[in-house]
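*Asks:* No sequence on hand, only this structure:
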């Protein structure tokens, strides 16, 4: 692994365990057995490193979402499933990153935060457009506001970060299937 | 307002804005124009105050959930709606408290955290029992695991803390209705 990636990986772990404010650059370099000079060769500051972590996290999600959405062969239902599965798998795989993404965003400066918030909004709007497309094509029923439905789906997925246990009874693939079944078909007996 | 409540309210605001670690007892008493002695008259430590905030938050939710669940005249569907509405309204009304509840739990000591985690689990299990009751009584369809459905519903509600805007287009009551409609009936056109 490259030194820059090593620093990033270790910082994610330390920010996750101790918190961003509670972790010093000294802590990071000590735990890797390198000097502060090495850190500053790759990053201007701890805040810039935090921004790097946020950017990598959201850019990766946006790029994978784009791949899913641009697949012409899939129905809107299948695309919803793919996006839900991606989010839940991502949280399972990158537990600490996700934690930092949700918890430590307040430590970015205004300009950085603005950039990340806009990218998060973009992810949300792509999902909302998919819901609207499904409504106009008759896959989804009308009458429900697409923006609130979108936030409901994102909430279900993102919340899994607070409880998902990779060693648990239900694997991530199965959680995604249950959530999508629930969102598409509802839990009530339809009379 | 009693002094103890004033200290609590102001601390919630400061912990919310600056973070628990970044707020000193000095900051709290300065912003109220009282002395540290006043603080220590009511609280042993900043951590005990944080525990107080967590306890009040979850005990209030548990007590209101109990009232909803014990109402014999209501269907399981209505009870789900009442619980979803309660959670969303609670987040709207107590934005900072909710933030502290989600973000600052790691600053409790082990014994305190254990107590809060158990109470949160209790809230979750009560909702799960309601889903199971609805299944056994034929209001909800079988086949979906009640525990994952429960976590999905809690995720939708709790996530609203990250986006709900009291000045927004859709009031909390309406968000609750949309979410419950979505969870009960699904968004897909049923063929």
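*Replies:* Nice, thanks for sending it over. Only a predicted model underlies this, so the values are computations on that prediction, with no experimental measurement involved.
*Asks:* quick one: average confidence on the host helix or strand of residue A:120?
*Replies:* Counting by DSSP states H and E, the element that carries residue A:120 is helix A:110-136. What helix A:110-136 shows for mean pLDDT is 95.
*Asks:* List the buried residues of that helix.
*Replies:* A:112, A:116, A:119-120, A:123-124, A:126-128, A:130-132, A:134-135 (16 or more other Cβ atoms under 10 Å in any protein chain shown). C-beta coordinates here come from the backbone N, C-alpha and C atoms, glycine included.
*Asks:* Extract the residue ranges of chain A that are flagged as low pLDDT.
*Replies:* A:95-96, A:166, A:191 (pLDDT under 70).
*Asks:* Can you pull the domain assignment for it?
*Replies:* Taking automatic domain parsing as the criterion, chain A consists of the domains A:1-43, A:46-185.
*Asks:* Any idea how far apart the tips of the longest one sit?
*Replies:* From its first residue to its last, domain A:46-185 covers 46 Å (Cα to Cα, to the nearest Å).
*Asks:* Over to the first one?
*Replies:* The straight-line separation of the ends of domain A:1-43 (Cα to Cα) is 17 Å.
*Asks:* So it, near chain B or not?
*Replies:* Yes. Applying Cβ under 8 Å from any Cβ of the partner chain, one finds domain A:1-43 touching chain B at A:19, A:21-22.
*Asks:* Show which residues not belonging to the helix or strand hosting residue A:12 make contact with it.
*Replies:* For residue A:12, the host element (DSSP H and E) is helix A:3-18. Contact partners of helix A:3-18, identified using Cβ atoms under 8 Å, 6 or more residues apart in numbering or on different chains, comprise A:1, A:23, A:27-28, A:31-32, A:34, A:38-39, A:42-43, A:49-50, A:52-53, A:56, A:95-97, A:99-100, A:104.
*Asks:* what element comes up after that helix heading to the C-terminus?
*Replies:* helix A:25-32.
*Asks:* Which other helices and strands does that following helix contact?
*Replies:* helix A:3-18, helix A:36-42 (3 or more Cβ pairs under 8 Å, 6 or more residues apart in numbering or on different chains; DSSP states H and E).
*Asks:* Highest average neighbour count across those: which stretch is it?
*Replies:* Greatest average neighbour count among those goes to helix A:3-18 (a mean of 17), per mean count of other Cβ atoms under 10 Å in any protein chain shown.
*Asks:* and it, how far out from the chain's middle?
*Replies:* Offset of helix A:3-18 from its chain centre (Cα atoms, centre = their mean, to the nearest Å): 17 Å.
*Asks:* what angle do it and helix A:25-32 make?
*Replies:* 110 degrees (axes from the mean of the first three to the mean of the last three Cα atoms, to 10 degrees).
*Asks:* near chain B at all, the host helix or strand of residue A:100?
*Replies:* Following DSSP H and E, one finds residue A:100 within helix A:95-103. Yes. Helix A:95-103 comes into contact with chain B (Cβ under 8 Å from any Cβ), by way of residue A:103.
*Asks:* From the contact counts, what lies against that helix?
*Replies:* helix A:3-18, helix A:46-69.
*Asks:* now the angle from the shortest one to helix A:95-103?
*Replies:* Between helix A:3-18 and helix A:95-103, the angle formed by their directions is 70 degrees, by the same axes, to 10 degrees.
*Asks:* ok, and the closest non-adjacent residue to residue A:36?
*Replies:* residue A:29 (5.5 Å; Cβ to Cβ, 6 or more residues apart in numbering or on different chains).
*Asks:* isn't the one you found right up against residue A:41?
*Replies:* No. Assessed by Cβ atoms under 8 Å, residue A:29 is found out of contact with residue A:41, at 11.1 Å.
*Asks:* Looks to me like residue A:165 is in a helix.
*Replies:* No. According to DSSP: H, G, I helix; E, B strand; the rest coil, residue A:165 belongs to no helix; its state is coil.
*Asks:* related to what we said a few turns ago, okay, the domains of chain A, which one's buried deepest?
*Replies:* By mean count of other Cβ under 10 Å, these have domain A:46-185 as the most buried, with a mean of 17.
*Asks:* So what's the gap between it and the chain middle?
*Replies:* The answer for domain A:46-185 is 6 Å, by Cα atoms, centre = their mean.
*Asks:* which other helices and strands contact the helix or strand hosting residue A:159?
*Replies:* Using DSSP H and E, residue A:159 sits within helix A:146-159. The contact analysis (3+ Cβ pairs under 8 Å, 6+ apart) places helix A:146-159 against helix A:76-93, helix A:110-136, helix A:172-185, helix B:146-159, helix B:172-185.
*Asks:* ok, and what's touching it?
*Replies:* Residues contacting helix A:146-159 (Cβ under 8 Å, 6+ apart): A:80, A:84, A:87-88, A:91, A:102, A:124, A:127-128, A:131-132, A:135, A:179, A:183, B:151-152, B:154-160, B:162-163, B:170, B:175, B:178-179, B:182, B:187.
*Asks:* what's the answer for stretch A:81-88, then?
*Replies:* Counting by Cβ under 8 Å, 6+ apart, A:61, A:64-65, A:68, A:74, A:127, A:130, A:153-154, A:156-158, A:160, A:164, A:172-173, A:175-177, A:179-180, A:183 sit against stretch A:81-88.
*Asks:* picking up where we left off before, kindly reformat the domains of chain A as TSV containing distance to residue B:11.
*Replies:* Compiled in TSV, the domains of chain A are given as follows (distance: least, Cβ to Cβ, whole Å):
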stretch	distance to residue B:11
domain A:1-43	18
domain A:46-185	18
